[in-house]
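Undergrad: Below are the sequence and a predicted model; questions follow.
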Amino acid sequence: MPALLKIDSHTHILPKKLPNWSSKFGYGDFIYLQHHKKGYAKMMRGNQFFREIKDNCWDPDVRIAEYEQFQTDVQVVCTIPVMFSYWAKAMDCLDISRFLNDHLGKLVERYPKQYIGLGTVPMQDTELAVQELERCKKIGLRGIQIGSNINDENLNEERFFPVFEAAEKLNMAVLVHPWNMMGEKHMQRYWLPWLVGMPAETTRAVCSMIFGAVLERLPKLRVNFAHAGGSFLFTIGRIQHGFDCRPDLVAIDNNIPPKNYMGKFWVDSVTHDPLMLEYVIKLAGSNRVTLGSDYPFPLGDLEIGRFIEGMNLPTADKENIYYRAALEWLGISLNDVSRD
Ligand SMILES: [Zn+2]
């Protein structure tokens, strides 16, 4: 029996060269790349070192070769959240977004079977965000990635609603990715922003979209929450109980119980733990769990879901997780990606 098709729904990519936006715009610590040795680059934020990346962050052929080792055929690619630049002037963020999205547009045109692109949009300006979302669609991207908060504002804020409305109308998928972690300044030690802040950030986003009735008002909007939805599914009992015991605090904008939204949004499989993934499948349904890795970063699952192989899941569940859930989330068909 041939191996099942695999779509990795959560990976990050950058162009090899980034303009020097700080000098172009005359302000701000925008990210730029220092290619200091062959195959490696330093991501610099202003003059500060952010992280070192390898060529698998920008070279599509290196990536395809690495993915072959894990029998994974398709990569859904989006930028790295530090590139969102929501803090910048909106027109400058649009400039950056267009640059990154055009790079993705060219990539998916060149490798239509191996890469699927999710764009980035200037969420700090609703009109520009919708305009760039429309352009993303035109250049062949299948959706957008947005942050778990927009400059500390939650995703239920009315001014973000037109972006979600446009995504639903345009049949564009949404990936919500944690970034700009709450409490980051107060927990620098032990990598806590990544280990504690990120799962909380994603939970904040899921709760905001449920309690703010975004998912309720846009039933056809297809949203995937990164890292298995953060800590949302693992604390759903508490969240539901909070809704039940203090509706005066929780149910003020939407009186539908949070548990009713199980199966209405997607999460990826990035749990690093088979027991946790079993639980996620039980709650969300395997048709709402997309194979994900967070490649190429070390906190990701760089064996692209190899632990799922050993889980003894029914074939139907594996098919859902490896590709069917992703196809449905992205609004595409098997023919769009499958090997000839
Ligand atoms: Zn990620």
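TA: All right, it came through fine.
Undergrad: where exactly do the strands run in this protein?
TA: 7-12, 31-37, 40-45, 48-54, 74-78, 115-119, 143-147, 173-177, 223-225, 266-268, 289-290 (DSSP state E).
Undergrad: Adding mean pLDDT, write these out as TSV.
TA: Formatted as TSV, the strands of the chain follow (pLDDT from 0 to 100):
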stretch	mean pLDDT
strand 7-12	98
strand 31-37	94
strand 40-45	94
strand 48-54	93
strand 74-78	98
strand 115-119	98
strand 143-147	98
strand 173-177	98
strand 223-225	98
strand 266-268	98
strand 289-290	98
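Undergrad: Tell me which of these lies nearest to Gln188.
TA: Distance to Gln188, taken as CB to CB, is lowest for strand 48-54 among the strands of the chain, at 13.5 Å. C-betas here are computed from N, CA, C, even on glycine.
Undergrad: ok and the closest one relative to strand 7-12, angle-wise?
TA: Following axes from the mean of the first three to the mean of the last three CA atoms, to 10 degrees, one obtains 150 degrees for the angle between strand 48-54 and strand 7-12.
Undergrad: which of the residues in strand 48-54 are buried?
TA: Ile53 (16 or more other CB atoms under 10 Å).
Undergrad: Partner strands of it and their direction?
TA: strand 40-45 (antiparallel) (DSSP bridges).
Undergrad: so what's Asn20 closest to, chain neighbours aside?
TA: With sequence-adjacent residues excluded and distances taken as CB to CB, 6 or more residues apart in numbering, Asn20 is closest to Tyr32, at 5.5 Å.
Undergrad: If you could redo that for Gly197, that was the one I meant.
TA: Met181 is the one closest to Gly197 (CB to CB, 6+ apart), at 3.0 Å.
Undergrad: Settle this for me: the one you found is touching Met198, isn't it.
TA: Yes. Contact status for Met181 versus Met198: in contact at 6.1 Å, counting by CB atoms under 8 Å.
Undergrad: Run a quick neighbour tally on the closest residue to Asp268 other than its chain neighbours.
TA: In space, and not counting its chain neighbours, Asp268 is closest to Gly292: 2.9 Å by CB to CB, 6+ apart. Gly292 has 29 neighbouring residues, counting by other CB atoms under 10 Å.
Undergrad: and Gly292, how far is that from Cys207?
TA: The spacing between Gly292 and Cys207, counted by CB to CB, to the nearest Å, is 21 Å.
Undergrad: Val176 now?
TA: 12 Å.
Undergrad: before we move on, what about Ser338?
TA: According to CB to CB, Ser338 and Cys207 sit 36 Å apart.
Undergrad: Looking only at neighbour counts, state which of these two leads.
TA: Neighbours were counted for Ser338 and for Cys207 using other CB under 10 Å; Cys207 has more, 21 against 13.
Undergrad: State the pLDDT value of the residue lying closest to Phe30 once chain neighbours are set aside.
TA: Closest residue to Phe30 apart from its sequence neighbours, by CB to CB, 6+ apart: Trp21 at 3.7 Å. Per-residue confidence (pLDDT) for Trp21: 96.
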